[in-house]
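In: What follows is a predicted structure for the sequence shown.
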There are 2 protein chains.
Amino acid sequence: MKNLSTESLFKYVKVTDEFWSKYQSLVNDVVIPYQWNALNDNIENTEPSHAIKNLKIAAGEAEGEFYGMVFQDSDVTKWLEAVAYSLANKPDPELEKIADDVISLIGKAQLDNGYVNTYFTIKEPEKKWTNLCECHELYCAGHLIEAGVAYYHATGKNALLTISCKFADHIYDVFGNEPGKLAGYPGHPEVELALMRLYEVTQNEKYLNICKYFIEQRGQQPHFYDIEFKKRGETSFWHVHGPAWMIKDKHYSQAHIPLAEQHEAVGHAVRFVYLLAGVAHLARISKDQEKLGICKILWDNMVNKQMYVTGGIGSQSCGESFSCDYDLPNDTAYTETCASIGLMMFANRMLQLDTNSKYGDVMERALYNTVLAGMALDGKHFFYVNPLEVHPKSIQHNHIYDHVKPTRQQWFGCACCPPNIARIIGSIGNYIYSIKDDGVLVNLYIGNKTHIELPQGQLLLEQNGNYPWQDSIQIDVSPTMPLRTKIALRIPDWCHSPILFINDQQQELESIISQGYAEIDRIWKAGDRIRLSLPMDVMVIRGNPLLRHADGKIAIQRGPLVYCIEEQDNGAELHNIRLDSTTKFETFTGNGLFAGKTLIKADSVRIGSQDAQLLPLYSYNQPKPETKKQELILIPYFTWANRSLGEMRVWINEK
Amino acid sequence: MKNLSTESLFKYVKVTDEFWSKYQSLVNDVVIPYQWNALNDNIENTEPSHAIKNLKIAAGEAEGEFYGMVFQDSDVTKWLEAVAYSLANKPDPELEKIADDVISLIGKAQLDNGYVNTYFTIKEPEKKWTNLCECHELYCAGHLIEAGVAYYHATGKNALLTISCKFADHIYDVFGNEPGKLAGYPGHPEVELALMRLYEVTQNEKYLNICKYFIEQRGQQPHFYDIEFKKRGETSFWHVHGPAWMIKDKHYSQAHIPLAEQHEAVGHAVRFVYLLAGVAHLARISKDQEKLGICKILWDNMVNKQMYVTGGIGSQSCGESFSCDYDLPNDTAYTETCASIGLMMFANRMLQLDTNSKYGDVMERALYNTVLAGMALDGKHFFYVNPLEVHPKSIQHNHIYDHVKPTRQQWFGCACCPPNIARIIGSIGNYIYSIKDDGVLVNLYIGNKTHIELPQGQLLLEQNGNYPWQDSIQIDVSPTMPLRTKIALRIPDWCHSPILFINDQQQELESIISQGYAEIDRIWKAGDRIRLSLPMDVMVIRGNPLLRHADGKIAIQRGPLVYCIEEQDNGAELHNIRLDSTTKFETFTGNGLFAGKTLIKADSVRIGSQDAQLLPLYSYNQPKPETKKQELILIPYFTWANRSLGEMRVWINEK
């Protein structure tokens, strides 16, 4: 049997987990209404979005001019996709009515030929499809399609799916290598993964074929970006880094060479992982071994050479992009929230394609660290950029830090991250399991009840635990009738002493671990219970010797959570703290903001005196500075910057 | 008696020093001819300068359009100033003829009212003095005047001095607070210090008064930049960092508040030190205690909180500017060569104003490290930016390093640094001594013969030694008749065991040291000989605990030279080297490129293995990585990047 599409999985997964229920409630109760207000320009002291107004104008329901980014529409469709998940998790007729109205508005804004994009419809109708490289029409199409698929799965309503298909049909008609078609592809990948989702729900081969065309045409010579640039009289839309920069710097959009020839993650990190998510999806559906190989090579380069310990990717602000192998500065890191979300999407598709816990490990790392850090605990403030070290005093003055905000912002002019966080939290059910021919992979340990259809029969899984704080996971397996299948549990890379029980019988683990999963192959009967313990010792992380930004430093992790130190707990000038890797780390439960959260304390020492300002800037032949004992408090990285402004660092100087 | 002007000192100082003679020969034989070719666009594969052509066009001797920066003229006048020093050091009739012709060209390009500036004369004649903030007319005037003064002192010829006075008279007529005058001041300070030099040679009070006006008007409200911006219809000349950025960001040019209210070094580092050099000069001549106070406060902030160990200033590329206290990143440092030259100019004027060795210490530090590093040992390649750490592999990919070049460049589109290096080397004689009412300060230990006129009589000083490599300095003092005066020798901050002999009689030093100078107050007779030994132990430098970029690191200095490690001697990934501060440092004399230069070797250890690429990016609970012994070779910082491309670092990780 074919793998089940994860795209439809979320509707069968009921998240019951305390940690994640809270987040889903936050998305339902705070983020989605907040973002709805933002889309309607009802939030004070933030840049207007105008996104709903643009749709109304395009639909003929309002007068006015387009305002916003060329990809402003995608804020609406990403919000709609988040709403879809929210409705699946928690029905809300009022919200559904609002969403239905927005969908109807999109329908009215759609042209007869299927085209939807308010920027071009309102502002530059004659310029449609003339600047694929820079203008995000296919990117917006992708988000529209993703929303259409999700909304259909969540509600059973097909209005947006129909709009999506009509648009996708139009795209199929416009693009391709055949004479009379435009031999282009998107400057910002996204439509590829969306078309695969659409294919899975419709089984319409056109969508698979056009996706394959987009991927394979990318980077071919003569180069489409140059051709269209010439055709439109060498005008360019963006003037960041100089005119025509995006057209010239083809690495930025992974269009410098055909994907099959690429061996390193380069350019804009979000574009990279979105593209690769689409490629992995296509590789699975079309059983394309070459594309699987490409995915593996690029995955390995990204994860083994260019990923932060927090699961962040994209080392630099310029081009929001990768740098090169082992260049991972902590303080000037870009590590966009959306890039880590895209990384999860890519990882999830790799898990469906190639069973290996390494994908799940990275997915978990990105999720519990960078992705969650992207949103404040109040659900109302967001980080676009997720540095691993912040020194607020310097940030104000040194422009290498211009992209770094030491506190989360309300909304962004380019508001990609907030709705992306909402949709990943809402659809987290899609990431817990992978359904394989011979069973089920359990990738994430999130409390849920799930109903899975296997060829062998139906399986009910109920997962319980208090992850990521506690190490015990319990999975109750209830087939409708006794059923033989594999249930494979990911043993995280950070866990070195897992313990597995089935029905109170401890299992010998080593022999059943395959590709990082503990595979339990048996006839399951109602009432069977798996108990997995993943002891969460406090772990000391070191960087590869080639990673100069982690040199002489250690980072602390417990379970999937990377920890950090903040000025609020530990005083300013955090670089003066020295932590012995062999010190005793003690965990404790926080209170207030940290209620229910596991914090860590440890003895450390601190260099320097309070009157350092009076000391010379440089001193000669002085002994190593004296140190004082200091109890160090570590908090999970994802909870940083939820108090007052202050310093933070993940990598701590080693004593 | 008044202090003698240092501006006229160089003609009495004959540099005989081996180290500096070589540099002066390099300037005479290589740099000046090379730059002359550059100014005439005779160097292949570099951006054209067009500077001489602009003058010819403005003089009516050629047809064509202006090309180059708005301050392109200053490349010519800085070159002329360097030529003046060169002619004083080594007469060269052919070069003098070329210079005279250029001066005659400038005379022809001067308008009847005294105005000189080819950009405005040729390109925008109606826009003269309409954009003081951005357009460098007074900056160019300053360099013209400096050249005029220097050329007069060097050759006795007053053609350029006359041009300068005529221009300065015009400036005096145009600017001021009186009705009908323009209440402006330069966006780029420079004319202030030039006017003081002109005042010293002419004793014309107008030049002192207009300088004083420029300094005191700066930063007053209503703000002149805003007034002229409005007046010219809100147009702006530069579009770096967005239109009108220079007008809006008044910190950039130290015009945000009046200087008297400023307590921190901010903005463009070159502008800052040029301005303060002028202020210090004015404070001395006008005995202005308030301005002396301002100079001291700003000096102390800059030197004690914002200066690199190499004497570099300006932490960031954006705005080529200071950041904030203790923000001194090594790899993204800007530390422009010209800023350290300006720092020397400021220091030298402080020494004349306020006897204290701290100014000489910084002057020496800047000179022997950043300033010299600005030029390759071949005299043909130049650094604009002088980082303290370079990782060439990453520089290519991470745009936070866009301003950092790992190898010296031939010439720059904005070619301020090369001619500035030429003029500082040529005029190094101006920096050796300060003439005070009661004697002579010896600031720099450079072999020379000098004839000094004191009120008490003439003094001939002959300094010999092999500085900065060897610790013995010999000064033969030969007054024309026995003469009582003080000769005060700077005891460098890095020297902790100086030994002083007079005529073979060792002196007790402690009691005669005042403000960091060993003051010898006696009746000098012909044949008197001072012998000063400044033992050059290898010193280990540590940064202040607030300086996070030096945290856990040490730097090595011997004599005035800061050392660094390069990949060519020590292998790649220099961050993996650990140096014990208590290790034995051994000096030795290099060969080849390093012939005659003192290098240092020491035992160190290196972390990591050759197959680090195969290791995971992050590892859990591993012991501290193993290390291997490695002999470390350190070379003087100023000699870095004279071999093949490679890594370099000044701050070395401490074991």
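Out: That came in fine, so what should we check first? Residues are numbered from 1 along each chain as shown, chains lettered A, B, ... in the order given.
In: Against which helices or strands is the helix or strand harbouring residue A:564 packed?
Out: Using DSSP states H and E, residue A:564 sits within strand A:561-566. If contacts are counted by 3 or more C-beta pairs under 8 Å, 6 or more residues apart in numbering or on different chains; DSSP states H and E, strand A:561-566 sits against strand A:553-558, strand A:627-636, strand A:648-649. C-beta coordinates here come from the backbone N, C-alpha and C atoms, glycine included.
In: Of all these, which one is nearest residue B:61?
Out: For residue B:61, the closest of the helices and strands packed on strand A:561-566 is strand A:648-649, at 62.7 Å, according to C-beta to C-beta.
In: Now that closest one: average pLDDT?
Out: The average pLDDT within strand A:648-649 is 98.
In: outside of it, which residues touch it?
Out: A:330, A:388, A:389, A:390, A:564, A:565, A:566, A:567, A:574, A:575, A:640, A:641 (C-beta atoms under 8 Å, 6 or more residues apart in numbering or on different chains).
In: how about 7 Å then?
Out: Contact partners of strand A:648-649, identified using C-beta atoms under 7 Å, 6 or more residues apart in numbering or on different chains, comprise A:388, A:389, A:390, A:564, A:565, A:566, A:574, A:640, A:641.
In: re earlier: turn the helices and strands packed on strand A:561-566 into CSV, including distance to residue B:509 and mean neighbour count.
Out: As requested, those are exported to CSV (distance: least, C-beta to C-beta, whole Å; neighbours: other C-beta atoms under 10 Å in any protein chain shown):
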stretch, distance to residue B:509, mean neighbour count
strand A:553-558, 45, 23
strand A:627-636, 36, 18
strand A:648-649, 46, 24
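In: Can you tell me which of the ones you listed is nearest to residue A:21?
Out: Residue A:21 sits nearest to strand A:627-636 of all these, at 18.0 Å, using C-beta to C-beta.
In: what's the angle from that closest one to strand A:553-558?
Out: 40 degrees (axes from the mean of the first three to the mean of the last three C-alpha atoms, to 10 degrees).
In: who's in contact with strand A:627-636?
Out: Contacts of strand A:627-636 (C-beta under 7 Å, 6+ apart): A:556, A:561, A:563-566, A:569-570, A:577-579, A:594, A:597, A:599-607.
In: As TSV, the helices and strands packed on strand A:561-566 with distance to residue A:127 would be great.
Out: What follows is those, written out as TSV (distance: least, C-beta to C-beta, whole Å):
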stretch	distance to residue A:127
strand A:553-558	48
strand A:627-636	47
strand A:648-649	45
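In: Dump the contacts of strand A:648-649 to JSON lines, plus neighbour count.
Out: Putting those into JSON lines (neighbours: other C-beta atoms under 10 Å in any protein chain shown) gives the following:
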{"residue": "A:388", "neighbour count": "27"}
{"residue": "A:389", "neighbour count": "21"}
{"residue": "A:390", "neighbour count": "26"}
{"residue": "A:564", "neighbour count": "27"}
{"residue": "A:565", "neighbour count": "25"}
{"residue": "A:566", "neighbour count": "22"}
{"residue": "A:574", "neighbour count": "23"}
{"residue": "A:640", "neighbour count": "25"}
{"residue": "A:641", "neighbour count": "24"}
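In: Relative to residue B:300, which of these is nearest.
Out: Checking those against residue B:300 by C-beta to C-beta gives residue A:574 as the nearest, at 26.9 Å.
In: For the closest one, which residues are in contact?
Out: A:565, A:567, A:647, A:649.
In: Mind giving me the packing neighbours of the strand or helix carrying residue A:423?
Out: Per DSSP H and E, residue A:423 falls inside helix A:417-426. For helix A:417-426, the packing partners by 3 or more C-beta pairs under 7 Å, 6 or more residues apart in numbering or on different chains; DSSP states H and E come out as helix A:18-26, helix A:32-39, helix A:73-89, helix A:337-353.
In: mean confidence score for the third one?
Out: Translated: helix A:73-89. Mean predicted lDDT for helix A:73-89 stands at 95.
In: and that helix, C-alpha only, in PDB?
Out: The C-alpha coordinates for helix A:73-89 follow below in PDB (Å, rounded to 0.1, in the frame of the first residue of the first chain):
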ATOM      1  CA  ASP A  73      -2.000  37.500  -0.100                       C
ATOM      2  CA  SER A  74      -0.100  34.700   1.500                       C
ATOM      3  CA  ASP A  75      -0.700  36.100   5.000                       C
ATOM      4  CA  VAL A  76      -4.300  35.500   4.400                       C
ATOM      5  CA  THR A  77      -3.900  32.000   3.100                       C
ATOM      6  CA  LYS A  78      -1.400  31.000   5.800                       C
ATOM      7  CA  TRP A  79      -3.900  32.300   8.300                       C
ATOM      8  CA  LEU A  80      -6.700  30.200   6.600                       C
ATOM      9  CA  GLU A  81      -4.500  27.100   6.700                       C
ATOM     10  CA  ALA A  82      -4.000  27.800  10.500                       C
ATOM     11  CA  VAL A  83      -7.700  28.200  10.900                       C
ATOM     12  CA  ALA A  84      -8.300  24.900   9.100                       C
ATOM     13  CA  TYR A  85      -6.100  23.100  11.700                       C
ATOM     14  CA  SER A  86      -7.700  25.000  14.500                       C
ATOM     15  CA  LEU A  87     -11.200  24.000  13.300                       C
ATOM     16  CA  ALA A  88     -10.100  20.400  13.100                       C
ATOM     17  CA  ASN A  89      -8.700  20.600  16.700                       C
END
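In: That helix relative to helix A:337-353, how many degrees between them?
Out: Going by the same axes, to 10 degrees, helix A:73-89 makes 60 degrees with helix A:337-353.
In: what's the angle from helix A:73-89 to helix A:32-39?
Out: 160 degrees.
In: Pull the contacting residues for the residue in the stretch 551-655 of chain A that chain B sits nearest to.
Out: Going by C-beta to the nearest C-beta, chain B is nearest to residue A:608 of the stretch 551-655 of chain A, at 2.9 Å. Residue A:608 makes contact with A:573, A:576, A:625, B:545, according to C-beta under 7 Å, 6+ apart.
In: Nearest residue to the first one in space, please, no chain neighbours.
Out: When you say that, I think you mean residue A:573. The spatial neighbour of residue A:573 that comes closest, neighbours along the chain excluded (C-beta to C-beta, 6 or more residues apart in numbering or on different chains), is residue B:546 at 6.2 Å.
In: The one you found in helix, strand or coil?
Out: Using DSSP: H, G, I helix; E, B strand; the rest coil, the structure places residue B:546 in coil.
In: tell me the phi and psi of it?
Out: Torsion angles at residue B:546 (phi, psi; degrees, to the nearest 10) stand at phi -80, psi -10.
In: From residue A:364, how far off is it?
Out: Per C-beta to C-beta, to the nearest Å, residue B:546 is found 38 Å from residue A:364.
In: between the two, who's got more neighbours?
Out: residue A:364 (27 against 21; other C-beta atoms under 10 Å in any protein chain shown).
In: which ones are touching the more buried one?
Out: A:444, A:492, A:560.
In: Quick check: the last one vs residue A:362, distance?
Out: Spelled out, that is residue A:560. According to C-beta to C-beta, residue A:560 and residue A:362 sit 11 Å apart.
In: what's the neighbour count on residue A:293?
Out: Residue A:293: 12 neighbours (other C-beta under 10 Å).
In: Now it: which helix or strand?
Out: Using DSSP H and E, residue A:293 maps to helix A:289-305.
In: so how far is residue A:358 from the residue nearest the centre of chain A?
Out: Geometric centre of chain A, nearest residue: residue A:341, 0.6 Å, by C-alpha atoms, centre = their mean. From residue A:341 across to residue A:358, the span is 19 Å (C-beta to C-beta).
In: For the stretch 451-600 of chain A, what lies in contact range of chain B?
Out: A:494, A:539-548, A:551-552, A:573, A:575-576 (C-beta under 7 Å from any C-beta of the partner chain).
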